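Trainee: Sequence below, structure please.
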Amino acid sequence: MKLYKNILLLTALILLIILSGCSAQEIPLAEVKQYADPITENILIAMNEDNYSRFSQDFDEQMKNGLDEIKYYNTIPGMKNKIGQYISKELVSVEKKDQFVVVTYKAKFSEESGDVIVRSVFSDRNGKNYISGFWMDSQKLRGN
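Mentor: Prediction:
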């Protein structure tokens, strides 16, 4: 009986250590919102204004190379023709994936009756948060 109690106590202690380690890795939502909301808002408003400089101001170098000004003007106007102007957004989730923080929003656009899912992927470079990925998805964008 004493062996059973010791095993149970040891198991509980191991679980406590594991769970406390997991909670230390949680993402502080308020901290993420503080940088993610204004950067994502800036990108969406810049799309309304067709302003590539403003749209890309928080991109990391890889993102700037992947979505340069020419690609922007070949992509974004077509998307805007389908979903219209950006109106508002609501935070849905925040998750940590390796060195990235993925922030997902439900956004409203003037010509899309449903939600547009917006994902902003952030990376930290020397204490500054940069956009390392940006995606939008909706029924109209998928052609449905």
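Trainee: Point out where the chain drops to low pLDDT.
Mentor: Residue ranges of the chain with pLDDT under 70: 1-26, 144.
Trainee: Try it again at 80.
Mentor: Within the chain, the ranges that satisfy pLDDT under 80 run 1-27, 144.
Trainee: just checking, what's the longest strand in the chain?
Mentor: Ranked by number of residues, the top strand in the chain under DSSP state E is strand 112-125.
Trainee: Helix or strand for the most centrally placed residue in the chain, just tell me which one.
Mentor: With distances taken as C-alpha atoms, centre = their mean, Val103 lies nearest the centre of the chain, 2.4 Å away. Per DSSP states H and E, Val103 falls inside strand 100-109.
Trainee: what's that strand packed up against?
Mentor: With contacts taken as 3 or more C-beta pairs under 8 Å, 6 or more residues apart in numbering; DSSP states H and E, strand 100-109 sits against helix 29-49, strand 86-97, strand 112-125, strand 128-137. C-beta: built from backbone N, CA, C; applies to glycine.
Trainee: Setting aside sequence neighbours, what's the nearest residue to the residue nearest to the centre of the chain?
Mentor: Ala36 (4.4 Å; C-beta to C-beta, 6 or more residues apart in numbering).
Trainee: and the one you found, what does it touch?
Mentor: 91, 94, 101, 103, 120, 122, 129 (C-beta atoms under 8 Å, 6 or more residues apart in numbering).
Trainee: and what of Asp115?
Mentor: So Asp115 contacts 106-108, 138 (C-beta under 8 Å, 6+ apart).
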